[in-house]
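Undergrad: Provided below for reference: sequence and predicted model.
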Amino acid sequence: MSHLPHPNTSEISAKCAVITVSDTRTPATDKSGQLIQQLLGNGNHAVRQYEILPDEPVQIQQQLEIIGTNPGIDVVIFNGGTGIAPRDTTYDAIEKLLEKVLPGFGEIFRSLSYQEIGSRALASRAVAGVYRGK
């Protein structure tokens, strides 16, 4: 078995949008959004858009549709609103719009979360996929 690197290992720099879904967070209190932006910057990616949206499915879907038509954005990362509380609608709003879903993403997300927060990771719903080439 060869131990050669994967042929697609060249450095990629993506233009990203980070959208936090929360009824209570502000830019100053949005620790998840701040961390995502920091990690993207550390990875040589550009954050071209950052917003906080209320946990309203229609607004979440509209935002994804708008970003989906923006040629200046390659990647969209939504965070927040992914638990099981009644107002946690991010997963439901986004999942139904995805053209292709990466089913292993949720599993690896929960596995990594479990290492950090234990069994509470089971309540984290996560999905990744393709929407309009993003």
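TA: Nice, I can see it.

Undergrad: could you point out the longest helix in this structure?
TA: The longest helix of the chain (DSSP state H) is helix 104-117.

Undergrad: wait, S32 touches T20, no?
TA: Yes: at 6.4 Å, S32 and T20 qualify as touching, with contact defined as C-beta atoms under 8 Å. Placement of C-beta: from N, CA and C, glycine included.

Undergrad: what touches both of the two?
TA: Residues within reach of S32 and of T20 at once, by C-beta atoms under 8 Å, 6 or more residues apart in numbering, are 79-80.

Undergrad: what about the two, which has more around it?
TA: Legend: neighbour count by other C-beta atoms under 10 Å for S32 and T20, higher for T20 (24 against 14).

Undergrad: how about the nearest residue to the more buried one, chain neighbours excluded?
TA: Computed as C-beta to C-beta, 6 or more residues apart in numbering, the closest residue to T20 that is not its neighbour in sequence is G33, at 4.0 Å.

Undergrad: the helix or strand the one you found falls within packs against which elements?
TA: Assessed by DSSP states H and E, G33 sits inside helix 31-42. When contacts are defined as 3 or more C-beta pairs under 8 Å, 6 or more residues apart in numbering; DSSP states H and E, helix 31-42 packs onto strand 15-21, strand 46-53, strand 75-79.

Undergrad: roughly how far is it from the heart of the chain?
TA: Mean C-alpha position of helix 31-42 versus that of the full chain (C-alpha atoms, centre = their mean, to the nearest Å) differs by 11 Å.

Undergrad: tell me the mean pLDDT for stretch 79-94?
TA: Mean pLDDT, stretch 79-94: 90.

Undergrad: which parts of that stretch are buried?
TA: Under the neighbour-count criterion of 16 or more other C-beta atoms under 10 Å, stretch 79-94 has 79-82, 88-91, 93-94 buried.

Undergrad: now do stretch 108-118
TA: For stretch 108-118, the neighbour count (16+ other C-beta under 10 Å) marks 109-110, 113 as buried.

Undergrad: show residues contacting that stretch.
TA: Against stretch 108-118 from outside (C-beta under 8 Å, 6+ apart): 120-122, 124, 126.
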